[in-house]
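Asks: Turn this into a structure:
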Amino acid sequence: MKYTMAKVPDTFAIMHGLLGVVKSEFESAGQLSPELLRSLHMLHGQTLVSALDLIDSKKVTIVTSNSGRWVYQVTGSAGTPYVCLPDSIFCQCPAFKFSVLKKKDSVMCKHVLAAILATAMGVTDKKTISDEYMMDLLFHMD
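Replies: Numbers count the residues shown, from 1 in each chain. The predicted structure follows:
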């Protein structure tokens, strides 16, 4: 059977569907089932393992300004904080530029995946900053 682009599964649609399951399983059992982890691993490979490590280490923070603007700040494994935009796969990290944009090896980097999963699981830290600090944070994004 010949596949057209319309018939190729949309990774983002699949991921969006799995997020509801992530939320439901984590709320009811406090963990994700092996079946769900296998499904997520099929989509993201080693990126999933790295993202789960960031979540376990409590490296995902939702940073909100007084005016209501918000971003994710995910501290990488080397201690560098990266800004990830909500409802986007954008991240400041080198892996985003190289693996996601250039090589197209990954759908998203570990920081974005960690932010999405941590939000679905309800395990993000929260931090409020001034509007001026938020503007500075956004202005210095590469």
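
Asks: what about the helices in this protein?
Replies: Counting by DSSP state H, the chain has these helices, from start to end: 11-29, 34-44, 46-56, 94-95, 110-121, 131-139.

Asks: Looking at these, which is nearest to I62?
Replies: With C-beta to C-beta as the criterion, I62 lies closest to helix 110-121 of the helices of the chain, at 7.5 Å. C-beta here means a position set from N, CA and C on the backbone, and glycine is covered the same way.

Asks: just checking, what packs against the closest one?
Replies: helix 11-29, helix 46-56, strand 60-65, strand 70-75, strand 81-84 (3 or more C-beta pairs under 8 Å, 6 or more residues apart in numbering; DSSP states H and E).

Asks: So in that sheet, which strands flank the third one, and in what orientation?
Replies: Pointing back at strand 60-65 there. Here strand 60-65 has these sheet partners by DSSP bridges: strand 70-75 (antiparallel), strand 125-129 (parallel).

Asks: out of those strands, nearest to A115?
Replies: strand 70-75 (3.9 Å).

Asks: Going by neighbour count, which residues of stretch 118-132 are buried?
Replies: 118-121, 124, 129 (16 or more other C-beta atoms under 10 Å).

Asks: on that earlier part again, return the most buried member of the helices and strands packed on helix 110-121.
Replies: strand 70-75 (a mean of 22; mean count of other C-beta atoms under 10 Å).

Asks: between the buried residues of stretch 118-132, which is closest to S88?
Replies: T119 (13.0 Å).

Asks: Who are the contact partners of that closest one?
Replies: For T119, the contact set (C-beta atoms under 8 Å, 6 or more residues apart in numbering) comprises 60, 62.
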